[in-house]
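[1] Give me a 3D structure for the following:
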Amino acid sequence: MIVTGLEQYGKNKVKVYLEEEYYFMLYNREIYRYGLKVDKEVSDLIVKELNDHMVKRAKQKVMALLKSMNRTEAELRAKLALSGYREAAIDEAIEYVKNYHYIDDSRYAANYVRLKKQNKSRRQIIGELKQKGVSDEEIEEALGTEYDNEEEAIKREILKKAKDIDNLSREEKQKLAAKLYRKGYGMDLIKSHVKLDY
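    Here you go, the predicted model:
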């Protein structure tokens with residue numbers, strides 16, 4: 001294959017294009033070690049070696065990302081893509097951590113709901129899990145097993161804003177109701193707790 005492009009990326013990395021297609025993100029020292037230059041041919045053996053190297057590096061990267069916090073598959077894929085890994089390397093890295101049960105979106109969703117249900121509305125949790133790439137089925141399953149109702153969560157939200165709801169003016173109650181609505185609580189629930197009299 002012919003090297004058709006070498007594009008500097010940051011201080012130490014270079015994007016390598018073979019036959020006009022992006023292939024690797026290598027360090028400057030690796031470009032030098034393999035003698036990669038534009039218009040120079042690279043043997044299939046070297047391409048395979050670099051592919052294997054990128055897969056190994058993607059696995060290390062994904063393990064490092066999981067060391068500090070749990071993440072969903074979609075989050076890991078996005079991080080790896082941002083770091084310049086090709087789809088094939090990303091797939092292998094994700095499969096690797098899945099095989100060791102280091103990631104599991106169902107488990108992630110259940111833990112997330114368990115931790116957030118005290119302070120967030122059902123709608124807010126759904127929105128956040130969707131942003132993290134968790135599927136609708138996994139979200140529903142997690143809510144079904146972990147989320148009882150919104151009563152406790154809305155009570156906590158109200159207590160943060162007002163110690164005694166009866167002492168609030170009508171305008172203050174309306175502001176509080178609007179805040180709760182923006183956080184995803186239903187109007188019937190808000191009315192019953194904020195004691196709005198329309």
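[2] Got the domain ranges for this protein?
    The chain breaks down by the TED database into domains covering 1-42, 49-103, 104-148, 150-197.
[3] Adding mean neighbour count and mean pLDDT, write the ones you listed out as CSV.
    All C-beta atoms are positioned from the backbone trio N, CA, C, and that covers glycine. Formatted as CSV, the domains of the chain follow (neighbours: other CB atoms under 10 Å; pLDDT from 0 to 100):
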stretch, mean neighbour count, mean pLDDT
domain 1-42, 14, 93
domain 49-103, 16, 95
domain 104-148, 17, 93
domain 150-197, 15, 84
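[4] Helix, strand or coil: sort out residue 15 for me.
    Under DSSP: H, G, I helix; E, B strand; the rest coil, the three-state class of residue 15 is strand.
[5] so what's the residue lying closest to it once chain neighbours are set aside up against?
    Of all residues not flanking residue 15 in the chain, residue 7 sits nearest, at 4.2 Å (CB to CB, 6 or more residues apart in numbering). With contact taken as CB atoms under 8 Å, 6 or more residues apart in numbering, residue 7 is in contact with 14, 15, 17.
[6] where's residue 7, which helix or strand?
    Assigned by DSSP states H and E, residue 7 belongs to strand 3-9.
[7] Tell me which stretches of the protein form strands.
    For the chain, applying DSSP state E gives strands covering 3-9, 13-18, 21-27.
[8] Now the first one - C-alpha only, PDB.
    By that I understand strand 3-9. Below are the C-alpha coordinates for strand 3-9, written out as PDB (Å, rounded to 0.1, in the frame of the first residue of the first chain):
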ATOM      1  CA  VAL A   3       1.400   6.200   2.000                       C
ATOM      2  CA  THR A   4      -0.700   9.000   0.500                       C
ATOM      3  CA  GLY A   5      -0.800  11.400   3.500                       C
ATOM      4  CA  LEU A   6       0.900  12.200   6.800                       C
ATOM      5  CA  GLU A   7      -1.000  14.800   8.800                       C
ATOM      6  CA  GLN A   8       0.500  16.200  12.000                       C
ATOM      7  CA  TYR A   9      -2.000  15.900  14.800                       C
END
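[9] got the contact list for the spatially most central residue of the chain?
    For the chain, residue 75 is the residue whose C-alpha lies nearest the centre (CA atoms, centre = their mean; 3.0 Å). Contact analysis of residue 75 by CB under 8 Å, 6+ apart lists 132, 133.
[10] now it: how far from residue 116?
    16 Å (CB to CB, to the nearest Å).
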